[in-house]
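**Student:** Return a 3D structure for these sequence lines:
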Amino acid sequence: MGIIRPFSFIGLLIAVVFPTALLAQTDALMNVYEHRPDLQAAFDRKTGLAIPGTAAGFLLDLEDWAVQYGWQEDETLAAYGPEQDDGIPVRVDATEIESEIQAQSYVVMDRSTGKILTVKNENRVWPIASLTKLVTADVVLDEGVSMSTVADIQSQDDVGGAKLSVYDGDQFTIQDLFYAALVGSANNAANALSRATGLSKKDFVSEMNIRAAALNLTHTRFVDPTGIELGNVSTAREMARLASDILARQEVARFTSTYIKYITDITQGTTKKMTTTNWMIYKPEYDDVYVTGGKTGYLIESGWNLVVALRPDGADTDRELLIVLFGADSRSDSFVNAERLADWAWESYAWQKQN
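**Tutor:** As a prediction, this is how the structure comes out:
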């Protein structure tokens with residue numbers, strides 16, 4: 001049985017560490033692997049990683065195959081499948097969307113099952129710009145820095161691009177620095193957050209790369225916490241796996257779905273208004289979608305990048321999507337095209353419960 005099927009798109013794992021139920025199935029998965037020459041040809045026996053140029057296509061690893069296909073093909077892999085209450089997206093309309101989308105690459109993923117609904121140039125390595133800040137936030141949270149801790153922004157934190165206008169040494173709570181970095185996309189706030197962990201920049205970036213490696217993201221690299229450097233790269237395919245996992249954190253979802261937040265410069269005794277860079281959260285033309293999280297990013301070299309998680313309405317958790325889009329020509333184009341992709345997915349798929 002072949003691995004890639006017509007009109008099938010590959011699913012992604014959502015957790016950094018596979019849930020206990022999945023870990024318990026490792027022996028079962030390896031047993032299937034040992035009896036499937038097609039899997040042996042497509043995935044490395046030692047690492048489980050997809051072998052480039054094989055029928056694995058854009059599957060990332062063997063577990064990815066199990067999540068997308070294996071649970072349907074072998075009953076011993078049932079634990080890799082969707083939860084009983086999850087609606088499974090089933091294609092009901094063959095209409096394509098690619099010709100309508102202006103972007104260098106994109107991925108549309110169903111959040112609850114990890115099923116990929118459509119892709120374009122999903123394996124193209126691309127500068128991700130301020131999408132990097134999602135990983136910065138994730139590492140800071142992992143380091144356990146309290147939200148009430150007070151930290152300063154230093155002049156050395158200013159690396160250009162978006163920033164908070166402050167004096168050297170101005171202090172903010174960690175929570176307010178999160179809002180500045182994830183709502184206002186301030187680069188100096190992101191650098192201040194990384195310093196607040198007590199790690200050197202080198203060690204902090206190392207932790208970011210360890211995070212990517214833990215998810216088998218072989219084309220994802222980080223060189224600084226802000227995204228200002230071109231060396232922060234990923235693919236739309238890998239970014240979807242990474243962003244889905246990070247946005248599952250309640251704190252990150254809260255920060256990145258905020259429209260306006262006033263933060264306090266403790267040193268100066270003043271407040272600063274942070275307005276989200278994600279227009280889909282507040283502009284009236286996007287009132288037909290409900291955003292649960294995301295991040296924007298821009299460099300001259302990358303164009304406009306976007307990660308966004310969204311639903312048709314706030315209550316419709318079954319049909320929540322994650323969209324990763326790289327290289328739109330303008331800020332507006334990134335949001336317009338994300339909405340087009342979401343509307344296409346909701347019209348082209350029906351979410352069916354398992355029997």
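
**Student:** For stretch 316-336, buried residues please.
**Tutor:** For stretch 316-336, the buried set under the neighbour-count rule, 16 or more other C-beta atoms under 10 Å, comprises 318-328, 331, 333-336. (C-beta placed from N, C-alpha, C; glycine too.)

**Student:** Inside strands: which ones of those residues?
**Tutor:** Counting by DSSP state E, the buried residues of stretch 316-336 place Leu321, Leu322, Ile323, Val324, Leu325, Phe326, Gly327, Ala328 in strands.

**Student:** Isn't the first one up against Leu310?
**Tutor:** Put plainly, it is Leu321. Yes. Counting by C-beta atoms under 8 Å, a contact exists between Leu321 and Leu310, whose distance comes to 6.0 Å.

**Student:** Just the pLDDT for Trp346.
**Tutor:** Per-residue confidence (pLDDT) for Trp346: 97.

**Student:** and if you look at the one 4 residues further on?
**Tutor:** Reading off the confidence values, Ala350 has pLDDT 96.

**Student:** which phi and psi does the residue nearest to it when sequence neighbours are not counted have?
**Tutor:** Distance criterion C-beta to C-beta, 6 or more residues apart in numbering; nearest residue to Ala350, sequence neighbours excluded, is Val92 at 4.7 Å. With angles defined as degrees, to the nearest 10, Val92 sits at phi -120, psi -10.

**Student:** which residues touch Val92?
**Tutor:** Ser348, Tyr349, Ala350 (C-beta atoms under 8 Å, 6 or more residues apart in numbering).

**Student:** related to what we said a few turns ago, so which two of the ones in strands among the buried residues of stretch 316-336 are the farthest from each other?
**Tutor:** Leu321 and Gly327 (19.4 Å; C-beta to C-beta).

**Student:** show me what contacts the residue nearest in space to the middle of the chain?
**Tutor:** By C-alpha atoms, centre = their mean, the chain has its centre lying nearest to Ala243, at 1.6 Å. Ala243 sits next to Leu131, Leu134, Gly294, Lys295, Val307, Ala309, Leu322, Val324 when contact means C-beta under 8 Å, 6+ apart.

**Student:** Mind putting those into TSV with distance to Asp74, pLDDT and secondary structure?
**Tutor:** Shown next, in TSV, are the contacts of Ala243 (distance: C-beta to C-beta, whole Å; pLDDT from 0 to 100; DSSP: H, G, I helix; E, B strand; the rest coil):
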residue	distance to Asp74	pLDDT	secondary structure
Leu131	36	98	helix
Leu134	35	98	helix
Gly294	35	98	strand
Lys295	37	98	strand
Val307	33	98	strand
Ala309	31	98	strand
Leu322	27	98	strand
Val324	30	98	strand
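
**Student:** Pull out the buried members of those.
**Tutor:** The neighbour count (16+ other C-beta under 10 Å) marks Leu131, Leu134, Gly294, Lys295, Val307, Ala309, Leu322, Val324 as buried among those.

**Student:** Verify the contact between the third one and Thr256 for me.
**Tutor:** Yes. Counting by C-beta under 8 Å, Gly294 does reach Thr256; the two are 5.6 Å apart.

**Student:** Helices along the stretch 251-355 of the chain, start to end?
**Tutor:** Under the criterion DSSP state H, counting those that start in this stretch, the stretch 251-355 of the chain contains helices at 331-348.

**Student:** shaky segments in it?
**Tutor:** In the predicted model, the stretch 251-355 of the chain carries pLDDT under 70 at residues 355.

**Student:** ok, now the stretch 1-150 of the chain?
**Tutor:** For the stretch 1-150 of the chain, the ranges with pLDDT under 70 are 1-25.

**Student:** Kindly indicate the member of the contacts of Val92 with the most neighbours.
**Tutor:** Sorting these by how many neighbours each has (other C-beta atoms under 10 Å) puts Tyr349 first, at 22 neighbours.

**Student:** Where does the record place the domain boundaries for this protein?
**Tutor:** 1-81, 126-145+201-352 (automatic domain parsing).

**Student:** one step back: need the residues touching each of Gly294 and Thr256.
**Tutor:** With C-beta under 8 Å, 6+ apart, Gly294 and Thr256 have common neighbours Leu247, Asn278.

**Student:** show me what contacts Arg221?
**Tutor:** Asn209, Ala212, Gly231, Asn232, Val233, Ser234.

**Student:** Please report phi then psi for it.
**Tutor:** With angles defined as degrees, to the nearest 10, Arg221 sits at phi -140, psi 150.
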